[in-house]
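Engineer: With the sequence up front, the predicted model follows.
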Amino acid sequence: MSDLEARFSVRRGDFELDLDLAAAEGEVLAVLGPNGAGKSTLLAVLAGLLRPSEGFVRVGDQVLTDVPVAGRARLVAPEHRAVGLLGQDGLVFPHLTALENVAFGPRSVGVRRAEAARRATGWLEAVGLAGMALRRPAELSGGQRQRVALARALAAEPRVLLLDEPLAALDVGVAPQLRQVLREQVARTGTTTVLVTHDVLDAVVLADRVIVLDGGAVVDEGLTAQVLAAPRDPFTATLAGVNLVVGEARDGGVRAPDGRHVAGREPIEPGGQAAAVFAPSAVAVHTRPPAGASPRNVWRTHVVALEPGQAVIRVRTAGSPEVVADLTPAAVAELGLAPGSEVWLSVKATEVGLHRR
Ligand SMILES: Nc1ncnc2c1ncn2[C@@H]1O[C@H](COP(=O)(O)OP(=O)(O)OP(=O)(O)O)[C@@H](O)[C@H]1O
């Protein structure tokens, strides 16, 4: 049986989120999605801050939220759920020291002062803050404060930990260290975790599985590596840094809405929806129709934009869906590319993965 299970729909104005998720004990589930996809709404329902229009949330054998279609709703108050929440700006009491902040959880369930302080000291050590126990939040850096907030959340020994963009407010230099601390502590404590993030790296480093939300619905889900290697949704493809052409399975490949046909390494059975995935570095750009015998995909289009990437220039081209190519600056200069340039793109079929949707 899953440790966490939630199935509900919830409305916020015109927005509706429909969700069905489960996480095994100790599993880290990342929730990815663009702005407004419903990620915070999902956490609010799990935390008991928001009541769904229908559905339930269960943690272990305890039903925390139960809103039947007809009949009485039941909602366990947020403070009585064994659910911890850590947001972007970890909530810590400004007037308490780091130690007192972390000891707060154990104290509030009746643990004696000395024992709570002993446990809090252990947690502060675990998150790399030994020696900072007596500082108040104002005397700590943003990254250190977030460590205190993490220690505080874990010291309450939640059955499920909810992380809402926990690294988003930190400097890029600090985020990797805290990401590592999160990873260690979640693994060490075996806490079932739901991690909302914009950053694909968080999912790669921390999560066993991911779900991708878009417009209030789950559009992709599975093991992190699999979802990123074979995205089924354009948003996931962008996160994974790959091109995704979704269309009808036809003639062994994928027929895009704009008529483009994409062949892959292995032919795919016709019928139904399929997706072709290929890396921007696998796309060659030509200013004339390319000649050559090897089996490959060739499409005529035009350049929409040139964008700086890391040691490459990303060439965005017209089409539905859009295809991007990564070229060296020298190649872009040699081809004389600019927005509006007519180009032919070619991709070797051996570089294209095809899968069913
Ligand atoms: N209090 C509210 N009242 C009405 N609508 C709301 C409220 N809060 C959020 N919404 C709407 O619900 C939708 C989902 O918002 P939510 O904050 O869950 O998205 P998100 O995926 O967390 O986005 P972001 O990544 O920008 O934080 C949005 O369309 C938003 O406008």
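Structural biologist: All right, it came through fine. Small disclaimer: the values here were computed from a predicted structure and weren't measured.

Engineer: quick one, strands of the stretch 1-150 of the chain?
Structural biologist: Under the criterion DSSP state E, counting those that start in this stretch, strands of the stretch 1-150 of the chain are mapped to 4-12, 15-23, 28-32, 54-59, 62-67, 74-75, 83-86.

Engineer: ok, and for stretch 284-300, which residues are buried?
Structural biologist: Across stretch 284-300, burial judged by 16 or more other C-beta atoms under 10 Å covers 284-285, 296-297, 299. Just so you know, the C-beta spots here come from the backbone N, C-alpha and C atoms, and that holds for glycine as well.

Engineer: and if you look at stretch 9-25?
Structural biologist: For stretch 9-25, burial by neighbour count (16+ other C-beta under 10 Å) applies to 9-10, 17-19, 21, 23.

Engineer: can you list contacts of it?
Structural biologist: Stretch 9-25 is touched from outside by 2-8, 29, 36, 38, 41-42, 45, 50-55, 160, 190, 192-194, 209, 211, 213, 216-218, with contacts defined as C-beta atoms under 8 Å, 6 or more residues apart in numbering.

Engineer: distance between that stretch and the chain's centre?
Structural biologist: Stretch 9-25 has its C-alpha centroid displaced from the chain centroid by 16 Å (C-alpha atoms, centre = their mean, to the nearest Å).

Engineer: so, in contact with the ligand or not, that stretch?
Structural biologist: Yes: judged by C-beta under 6 Å from any ligand atom, stretch 9-25 comes into contact with the ligand through 12-13, 15.

Engineer: Output these as TSV; include the columns pLDDT.
Structural biologist: Output for the residues of stretch 9-25 next to the ligand, formatted as TSV (pLDDT from 0 to 100):
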residue	pLDDT
Arg12	91
Gly13	90
Phe15	94
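
Engineer: Let me see the ranges of the helices in the stretch 151-300 of the chain.
Structural biologist: With DSSP state H, counting those that start in this stretch, the ranges of helices along the stretch 151-300 of the chain come out as 175-189, 200-206, 224-229, 234-240.

Engineer: between those helices, which gets nearest to the ligand?
Structural biologist: helix 234-240 (11.3 Å; C-beta to the nearest ligand atom).

Engineer: can you tell me the average pLDDT over that closest one?
Structural biologist: Here helix 234-240 scores 85 as its mean pLDDT.

Engineer: Do any residues in it lie close to the ligand?
Structural biologist: No: shown here: helix 234-240 not in contact with the ligand (C-beta under 6 Å from any ligand atom), separated by at least 11.3 Å.

Engineer: Export that helix to CSV, keeping only CA atoms.
Structural biologist: What follows is helix 234-240, C-alpha atoms only, in CSV (Å, rounded to 0.1, in the frame of the first residue of the first chain):
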residue,chain,number,x,y,z
PRO,A,234,6.1,19.6,-24.7
PHE,A,235,6.7,21.2,-21.3
THR,A,236,8.6,18.1,-20.1
ALA,A,237,10.6,18.1,-23.4
THR,A,238,11.6,21.7,-22.8
LEU,A,239,12.7,20.8,-19.3
ALA,A,240,14.7,17.8,-20.5
